[in-house]
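# Predicted model follows, preceded by the sequence.
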Amino acid sequence: MSATAESSAPKGLRMFPMAFWSANVMEIFERMAWYGFYAVSSLYLTGAVVDGGLGFSSVDRGVIQGVVTFFLYLFPAVFGALADRYGYKTMFMASTMVMGPAYLLLQFPTSFWGFFGVYFFLAIGHAMFKPVVISTVALTTNEKTGSMGFGIFYMMVNVGGFLGPIIAGVVRGWSWTYVFWASAGWVVMLAITCLVTYKDPRSKEEKANKKDLAQVFTGMVEVVGNGRFFLMVVGVLTVLVMGSKWWDFKLIGPISLAWILVNLLYDVILKSTGNVNQDDFFTQTLKVGEGRYMVFLLLMAGFWTSFNQIFLTLPEYLRDYVDTTDLIRSLTPIAGSITGMFESMGVDTSNWNQGVLENGQVKPEHLINLNAFGIILGQVGISYLIRNVKPLNTIINGVVVTVISFLVFMLGQSGWIMVAAILIFSIGEMMASPKSKEYAGRIAPPGKVGMYMGYFYWCTALGHLFGGLLSGVMYHHYGPAEQGGTDNPEVMWVIFAILAASTAISLVIYDRWVQANPLKK
């Protein structure tokens, strides 16, 4: 490019086309809708019926949250292919036609399966949205603007994740119904933004390059292995889900092991009879696909399992155990100044405390929201400080910080200790989450970078599944005695800390193995 052309190129925020900004605004509304309910979902599912909740057990809550969000992060590969075929704007609008009604319907079911079905329907809508918004950001940035573009996008994710729970926390002071209407309202704003401002950024050539759905499903299987290995993995995950609610938890290990041994025995029979045909499902032997990548995804799933406890377990813990009187006492002068200012303008603030307090305590969602607030304020600074640190080292350090945050939860059950633990946790997330994608791209073999990045969200999906199921079982066992627990939540935080620590140690071992066994080019 000539000096003249380079100097005349758009600079600053003008580097990005309208489609980029449209996608970012839609991302804010989508995150406001999702986190507006997700941040309070544990409270709604396990809350007393007389208070507007569903009265489910922690185990039921964990199964719903774990299984549904698992599929939410599994489906984008499929809907991404459909978006390539039918158009980005069409997929955006289709997602709003699912999300909007789903949020309104979510307030009506009172049974486990009724709520599970509507929540699953909602997850499909969000899964339709995810691949299109990320693809839009990718297509509207280049090598020079990509870092800044995705940085802006990540910031918008947290802006939406911060604003949604604040509004949901305020309106649920009057009625849970308003939480669902608020989320549906953000979806309407998303749809209007799409209709008015969004234009598909793909070129004619890119629009003509349509991926077949059969190729998508084949690719999903091949990442794991062949058809039989994929079925074996699905079987183990199914046993895990069943053992969390419908079977005795102690049966998970023996049944999973038996299922694996049956598959291995079948392999022995096929080989001994010479009846092996890898092109036929019934006569093919087990074959692992991208083995080293699957190991990495499993290890990162351990991180996400720990990370998700801030949204899954912490709300119940804050509601049942934490006394935020110290926090309220410290912030009362500031709150008094704010309400006094509005009262001087003739505004009635007598009911404002309903939006912040519940039963004389700060609402759990407002404390948890410090996570998004901390990321909004600190992500740029943290990213700058670790800019020259190797991705894996940053991931490991981030996981270690997460371990520290879990241990801080054990120092006491006061409001300020919770604030400290959540903000420390946020530092760990800011270090580990962004760098995990970068590391995945670096360990990818030549020609498979796209595939590695395309299926990266599988670790998030597994983290939600494992995190949800583990959260339900742990809190049911170690939670309040009146709910059937042992009333010993400190042990629960130790277990979560050990899980995170084992992830960090495993990542060190994994990296050394990868370095000692480089892929052949």
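Received, thanks.
# least trustworthy helix or strand in this structure by mean pLDDT?
Here the helix or strand of the chain ranked lowest by mean pLDDT, DSSP states H and E is helix 3-8, holding a mean of 47.
# Show me what the following helix or strand past that one is packed up against.
Past helix 3-8, further along toward the C-terminus, the next helix or strand under DSSP states H and E is helix 18-46. Applying 3 or more Cβ pairs under 8 Å, 6 or more residues apart in numbering; DSSP states H and E, we find helix 18-46 packed against helix 58-74, helix 88-105, helix 112-139, helix 146-171, helix 177-197, helix 309-312, helix 314-321, helix 364-368. To be clear about C-beta, it is placed using only N, CA and C from the backbone, and glycine gets the same treatment.
# ok, residue 172 - contacts?
Applying Cβ atoms under 8 Å, 6 or more residues apart in numbering, we find residue 172 in contact with 40, 52, 178-179.
# cool, residue 73 as well?
127, 457-458, 460-461, 464.
# now do 7 Å
Contacts of residue 73 were listed using Cβ atoms under 7 Å, 6 or more residues apart in numbering, and they are 457, 460-461, 464.
# just to revisit the earlier point, looking at the contacts of residue 172, state which has the most neighbours.
residue 179 (29 neighbours; other Cβ atoms under 10 Å).
# Quick one: residues contacting that one.
Contacts of residue 179 by Cβ under 7 Å, 6+ apart are 36-37, 40, 168, 171-172.
# wait, which of those residues is closest to residue 138?
residue 36 (26.5 Å; Cβ to Cβ).
# How about residue 320, nearest residue that isn't a chain neighbour?
residue 480 (5.3 Å; Cβ to Cβ, 6 or more residues apart in numbering).
# export the contacts of residue 73 to a markdown table and tack on secondary structure and distance to residue 58?
Converted to a markdown table, those look like this (DSSP: H, G, I helix; E, B strand; the rest coil; distance: Cβ to Cβ, whole Å):
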| residue | secondary structure | distance to residue 58 |
| --- | --- | --- |
| 457 | helix | 26 |
| 460 | helix | 22 |
| 461 | helix | 22 |
| 464 | helix | 16 |
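# need those in JSON lines with pLDDT, can you?
Output for those, formatted as JSON lines (pLDDT from 0 to 100):
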{"residue": "457", "pLDDT": "78"}
{"residue": "460", "pLDDT": "86"}
{"residue": "461", "pLDDT": "87"}
{"residue": "464", "pLDDT": "90"}
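# and which of the contacts of residue 172 is nearest to residue 69?
residue 40 (15.0 Å).
# Hmm, residue 166 and the closest one touching each other?
No. Shown here, residue 40 and residue 166 do not form a contact pair, counting by Cβ atoms under 7 Å, at 11.1 Å.
# Check which helices and strands the host helix or strand of residue 257 sits against.
Using DSSP H and E, residue 257 maps to helix 252-273. With contacts defined as 3 or more Cβ pairs under 7 Å, 6 or more residues apart in numbering; DSSP states H and E, the packing partners of helix 252-273 are helix 227-245.
# Which residues belonging to the helix it packs on are considered buried?
227-232, 235, 237, 239-241, 243-245 (16 or more other Cβ atoms under 10 Å).
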